[in-house]
Each structure stands twice: as structure tokens, then as C-alpha cells.
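1. the following block contains a protein sequence and its predicted model.
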Amino acid sequence: MSYRQHHLQALEQLQQTKEAIYLGGGKKALEKLKKKGKWSARERIAYLIDKDSPFYEIAPLAAYGMYESEGGAPSAGVVVGIGKVAKRWCVVVANDATVKAGAWFPMTGKKNLRAQEIALQNHLPIIYLVDSAGVYLPMQDEIFPDKYHFGRIFYNNAILSSKGIPQIAAIMGPCVAGGAYLPIMSDEALIVDGTGYVFLAGPYLVRSAIGEIVDEETLGGATTHSEISGVTDYKVPDDKTALDTIKQIVEKLGPFPKANFERSTPTPPEYDPDTILDILPDNPIKPYDSHELLKCIVDKGSFVEYKAGYGKTLITGYARIEGWAVGIVMNQRKLVKTRQGEIQYGGVIYSDSADKAARFIMNCNQKRIPIIFFQDVTGFMVGKRSEHGGIIKDGAKMVNVVANTTVPKITFIIGNSYGAGNYAMCGRAYEPRFLWAWHTARIGVMGGAQAAKTLLQIQKAKYKKQGKELSKEEEEKLLKTIMQRYEEQTTPYYAAARLWVDDIIDPRKTREYIAMSLEVANHNPHIPRFNPGVIQT
């Protein structure tokens, strides 16, 4: 099978998986929703977003393979993404009422926080389409009390408001208990008559707590909150009117300053992006020339390589992508030879590579140029020679600079992402504005084979202390079990389910995703002065 055939099959599987997730709680649940006169979360978003304008979904694979004992939670029961509303980029958050009545699982909370983080980092208006029964009570201990649990969402509501970032909420279904704060802490709140309800305690809890008997509509319906309490700002008859009203509100927002990152007229890349499928190997172990991939991504003739002859296992340079001026830090996956005749392994970060990258990233910060990281890294070089040469010092220098970078960072995991290499190449812990993965991504503390052998040695030592000795067959069986479990945990699906990446994308759409990410990042005008702190030389 050719590389292309391998990748096309993998991408087809990815698409089929996403299409199944898009059904939410299933066809029966969707039909039940329709009978109430409500639209589904995805229908609401499709109507809200400008026609012929793409919607870039964030974490559609959230909670994939998780909560199976609870019946699953497709997309974590909430649809999140970025799209244009009235020609303005906005973050949209829509509860999926077909999934456990829109209840909040732990990953639902994490996904909502990610949506707010995107709005905060990029100064984008955020729109909440609320239709949720509240916290999923059987798992309340994993969603309620901690710093980055449910309450952090309301904290972020306040922070967003203080920064002048518009928040608009439409109450299109139940909005109960703590969840009632989300729409009411927004700048403006709409409520749909007949289907929207908002209250701190529902009728059953009110009756058990104070003995009062009251129905939902009287307690917290559209009329109550629009004409009596004054809690909501707009009363609308149906979903369509609610969404039309949001469009009108967004359309009247005033102008906002931008970062003014440099952009010129885009030109196509040297190679058709489709060629990526012919260059990229079908196995993460196989080497390839990363320069060839770059020719499928950057505007033709725009790449200027920085220190091309030094630190060759990392490619650094300036380029344009869809016209945007960017800095590029990319792992070189082929074997390279130094001037001294030494062979260096592709994908490994050596001292000279780390030193080069740190200097280049500082230059990008000084010039206010956003940085794109392309990860296919197996880690930093190990061994006596590297340790004596100060690999820890040089690695720490690179990690320090990445952490303190103030220009937007956008990361793509295109292959391996192992160990401290994940950190140095701007993994999730280093706050890239966006982190996208290709279907070929592998994320873990080390490669599967190395991890399995290391864990096997630990198990053997444990058995030995107990006076047991493994047979050759038992050892092979244990190694296979460990390897299988570890391989499952390093797949991009496993990472996407836990929001370690924002989505798994088709590699051929990389230029499009970079252009969108930079256009969105350009909305935040505040680029603090770069200060890397103490860096050992």
C-alpha cells in the first residue's frame, strides 16, 4: 500500500468517526427535540454562522471513548467552534440537549473553559446557546469544586467582561442552578418563550426545600424573567428569532483594535498541498525530509532559512503562509550530517538545535512575528556525550524562551510528540493559541517500544522481589499487553478526547487552518514586551 492510500484510509476513518459524533444523542433524541419546537445544537450554529463561511469546530472528538459506563457523551455534550457572525469572528458554544439533556460531564467543563480561553487570548466575542440540565450529578465530584471545574466558567465570564470582550447568551432550554449564572453574567441575555427556563432551583427542589408548589414557566420562564424579574434582556418566540437577534446585536458591535500582524497578497505553495500524502510516511518511525513538507505549506519563494547549516535537526526560518508573515520551527526528520561528519538522528533535538531555536524564537518576538511549530519530535538527545555537553542547559534555554514568548504561537503535531520535545516545541502546557493535530500524530512521554520495554523491566524487577521468575512466553505476553495499552494512549484520538489538541485535521487543510488561526490571533492587539528571564549561556 502506498503512503497516499494509507493516509486516505485513515482520513476516511476520521471522517466517519466525526459524522457519527455529529448525531449527538442519536436520531430518536433529535426527533424528540423537534417535537418540542427546538433546533439541534448544530442546526442552531449552522443558521447563526454567515452563509458560505466555514465553521472551525473545536474538540469535536472531546470525550471520545470516555464515559462509556454512562452511555457515552458525544462531543462532551457541547458543540464549540469559531466562525463568522455578521462578518465578525466569534466563538460559539452550544449545549447539545440530545446528550443527557445537555448535562455537564467533566470534559464538558474542560471544553467550555477552552472556548473561553480562545475568546480571552484572541479578544473574540463569545456566544452561548444555552440548553442544559446542569451538572451530571453522578460525576459531580469531578466537575464541581476544583479550580478548573464548573465554577471557573463564571469566573471567566467576569474576566471576559472586564476586558471588554462581548458575551451574548441565548437561553434556549433549561438553565439550572449554578449554570444559570453563565447567561446572566454575559453582557446580554435572550430567552426563548415556551422552551427557555432559568432558575437557581427547579420546581422539585423548591418544593422539597421550602414547600412551595410552582411550575417551570411561572418560576423562571420567558415572561417571568423578561417582564417581572428583568433578568433577561430579550424575549423571543422561537430559536430562529433568537439567532436572528444575536446576528443583529453582533452586526452593531463597534470596531476593535488589532495587532496588525504583517500580511501581503497570498501565493500558492511550490507543491500542491495534496502532495503531503505522498511525502508523509505510513509509519512514525520512518524518516523523511521535512523541507519537502514545507514546500506544500508555505507560499512559494517566501521561505528564508535561519542558520541552515547549524543545528540541522531543527528547521527555523521566516516565511509567508496565505500571505501572513510567520516564523517556523520544525523538526527535521531525516538523518543529517554535521560539518564534523557526525550523524544526527532526525526528530531528535540536540544542543546546537535547541540553541538555534531559542535564538530564532527571540528574534520573532522582537519583530512581532507569530510562530508556527511543526512537531515530529522524539525528544532531546540522551547519553553521556550529550549530558557532558550540557543538553539539559540548552533544552532549558529553549523551553524558557517558548514559555515566555508573547507573540501568538500555533502548533501542529504532525508526527511524534514525545517527552520534553512536546514542551520545547510548544505543546499544550506552553499555551499555543491553537494546537492542531494530523491523523499521524503520536503523543506520549516516550515512544511505544521504549515505554513498553521500560515498563517491562519495572514489572520484572517487581516479580523478582516477590521471588517469581517470568517465563519467555509470559514475558512476551506482558510486553504485548503493555505495548498495546501504551499505543492506544498515544493515538491522536486519545489526545483529542482529552482536549490535548483542538482537533485532528486533514493535513491538506493546514494552510487554511494557519490562515484562520492567524486572522483570529490578529484580533488581540496586546503583545507584551518579551522578557525571557534568566537564560544560561
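-> Yep, that arrived.
2. if I look at the residue of the chain most remote from its centre, how far off is Glu476?
-> The outermost residue of the chain relative to its centre, with distances by CA atoms, centre = their mean, is Gly467 at 47.2 Å. Look at Gly467 and Glu476: by CB to CB, to the nearest Å, they are 21 Å apart. Where you see a C-beta, it was placed from the backbone N, CA and C, and this is true even at glycine.
3. and if you look at Arg44?
-> According to CB to CB, Arg44 stands 53 Å off from Glu476.
4. before we move on, what about Val198?
-> Distance from Val198 to Glu476, by CB to CB: 60 Å.
5. neighbour-wise, which of the two wins?
-> Counted by other CB atoms under 10 Å, Val198 and Glu476 do not tie: Val198 has more neighbours, with 28 against 12.
6. doesn't the more buried one fall inside a helix?
-> No: per DSSP: H, G, I helix; E, B strand; the rest coil, Val198 lies outside any helix segment and is strand.
7. residues making contact with the helix or strand of the chain with the lowest mean pLDDT?
-> The helix or strand of the chain with the poorest confidence is helix 448-465; it has a mean of 74 (mean pLDDT, DSSP states H and E). Contacting residues not belonging to helix 448-465 are listed as 442, 444-446, 469-470, 475, 478-479, 482-483, 486-487, 490 [CB atoms under 8 Å, 6 or more residues apart in numbering].
8. and the residues you listed, which two are furthest apart?
-> Pairwise distances across the contacts of helix 448-465 peak at 33.5 Å for Arg442 and Glu469 (criterion: CB to CB).
9. more crowded one of these two?
-> Per other CB under 10 Å, whichever of Arg442 and Glu469 has more neighbours is Arg442, with 21 against 10.
10. tell me the contacts of that one?
-> Contacts of Arg442 by CB under 8 Å, 6+ apart are 284, 415-418, 448, 490-492.
11. again, only using 7 Å
-> Neighbouring residues of Arg442 by CB atoms under 7 Å, 6 or more residues apart in numbering: 284, 415-417, 490.
12. show me just the buried residues among these.
-> Listed as buried from those are 284, 415-417, 490; burial here means 16 or more other CB atoms under 10 Å.
13. can you put these in CSV and add distance to Glu142?
-> Shown next, in CSV, are the buried ones among the contacts of Arg442 (distance: CB to CB, whole Å):
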residue, distance to Glu142
Pro284, 33
Gly415, 32
Asn416, 31
Ser417, 26
Thr490, 24
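14. low pLDDT regions in the stretch 201-350 of the chain?
-> Counting by pLDDT under 70, the ranges of the stretch 201-350 of the chain that qualify are 341.
15. which parts of it are helices?
-> Counting by DSSP state H, counting those that start in this stretch, the stretch 201-350 of the chain has these helices, from start to end: 203-210, 216-220, 222-223, 239-251, 276-279, 290-294.
16. check the offset of the longest one from the chain's centre.
-> Pointing back at helix 239-251 there. For helix 239-251, the separation from the chain centroid amounts to 27 Å (computed by CA atoms, centre = their mean, to the nearest Å).
17. what's it packed up against?
-> For helix 239-251, the packing partners by 3 or more CB pairs under 7 Å, 6 or more residues apart in numbering; DSSP states H and E come out as helix 41-48, strand 167-176, strand 188-192, strand 234-236.
18. as JSON lines, the ones you listed with mean neighbour count and distance to Lys147 would be great.
-> Below are these laid out as JSON lines (neighbours: other CB atoms under 10 Å; distance: least, CB to CB, whole Å):
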{"stretch": "helix 41-48", "mean neighbour count": "21", "distance to Lys147": "28"}
{"stretch": "strand 167-176", "mean neighbour count": "26", "distance to Lys147": "21"}
{"stretch": "strand 188-192", "mean neighbour count": "25", "distance to Lys147": "26"}
{"stretch": "strand 234-236", "mean neighbour count": "20", "distance to Lys147": "34"}
